[in-house]
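**Q** Sequence first, predicted coordinates after that:
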Amino acid sequence: MGLAFIARDKTVEDAKKVRKAEAAAKLEAHTLQRRLDRSHEVNRYLFLDHRNLMDAQVEMSRKHCEDLAGMNSLLVDLSQRQAELKLMALKDRLADVEKLKTRYQRQVDVLSAESYRSGWENREFENHAKVVTPDQFDDQKGIERDYYSVEHYMQRLGVEISITYPADVLEMLATEKYGPSTSAPGTRELVPTSGPPD
């Protein structure tokens, strides 16, 4: 009889231990599940953050490419504009050269006509064959007969020989010749009258 009670008590005790073990196992399983769920949640947030970061990097790369394309376009436009300005400056210089050539050629014509008439009057061509008269020489040079004022012919040419210098060029030339000036710069039209420039 006593052994039966002992066996029963042992069985009850073992059952309690089993229930405690099951309860502990369930609690640990529940704890592990909660940890696993939190881990999944953290991983999901990390994945979202990583995806957002990648999207931001892609957007930054796209904007960077757009900025580079815009800068390249500006550089191309600037290069084209510089080339156009250089071409315009070259054309202006060529035009100025042509005006100077016209100016000096007209001076040569006037002075040569005057010199020819003077030589004719001094009988320097008496022994020369096939010489023209001073009036004919004047006509060939387009000079009014016996009128040799260089200034008169320069004024008649007018805009054909007038050269307008930009303000910065005038200021630079004035600075080189007279030193710094306090007056306000401006464009100025120069009409050469006689002789080559100093």
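**A** Cool, got the structure.

**Q** Can you point out the helix or strand that includes Tyr104?
**A** Using DSSP states H and E, Tyr104 sits in helix 2-121.

**Q** For Glu144, give its distance to Arg117.
**A** According to C-beta to C-beta, to the nearest Å, Glu144 and Arg117 sit 12 Å apart. In this view, the C-beta of every residue, glycine as well, is placed from N, C-alpha and C.

**Q** Between the two, tell me which one has more neighbours.
**A** Arg117 (19 against 14; other C-beta atoms under 10 Å).

**Q** So that one sits against Tyr147, correct?
**A** No - under the contact definition of C-beta atoms under 8 Å, Arg117 does not touch Tyr147, with a separation of 10.4 Å.

**Q** Quick one: name whatever helix or strand follows the helix holding Tyr104.
**A** Downstream of helix 2-121, the first helix or strand assigned by DSSP H and E is helix 134-141.

**Q** Which positions in that following helix come out as buried?
**A** Pro134, Phe137, Asp138, Lys141 (16 or more other C-beta atoms under 10 Å).

**Q** Overlap in contacts, Glu144 and Arg117.
**A** Shared contacts of Glu144 and Arg117 (C-beta atoms under 8 Å, 6 or more residues apart in numbering): Asp138.

**Q** can you redo the buried residues of helix 134-141 as CSV with pLDDT and distance to His64?
**A** Listed next are the buried residues of helix 134-141 as CSV, based on pLDDT from 0 to 100; distance: C-beta to C-beta, whole Å:
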residue, pLDDT, distance to His64
Pro134, 84, 80
Phe137, 85, 76
Asp138, 87, 75
Lys141, 86, 70
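
**Q** Serialize those to CSV and add fields for distance to Ala56.
**A** Output for the buried residues of helix 134-141, formatted as CSV (distance: C-beta to C-beta, whole Å):
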residue, distance to Ala56
Pro134, 92
Phe137, 88
Asp138, 87
Lys141, 81
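
**Q** Just give me the closest of the residues you listed to Ala24.
**A** Nearest to Ala24 among the buried residues of helix 134-141 is Lys141, at 128.3 Å by C-beta to C-beta.

**Q** What separation do you get for the closest one and Ser149?
**A** Using C-beta to C-beta, Lys141 is found at 14 Å from Ser149.

**Q** same question, Arg93
**A** Distance of Arg93 to Ser149, given as C-beta to C-beta: 30 Å.

**Q** Quick one, grab the pLDDT at the residue minimising distance to the centre of the chain.
**A** Closest residue to the average C-alpha location of the chain: Leu78 at 3.2 Å, with C-alpha atoms, centre = their mean. Each residue has a pLDDT score; the one for Leu78 is 83.

**Q** Spit out the contact partners of it.
**A** Leu78 makes no contacts at all, as judged by C-beta under 8 Å, 6+ apart.

**Q** which residues of this protein score low on pLDDT?
**A** 1-5, 7, 9, 125-127, 129-130, 165, 169-170, 173, 180-198 (pLDDT under 70).
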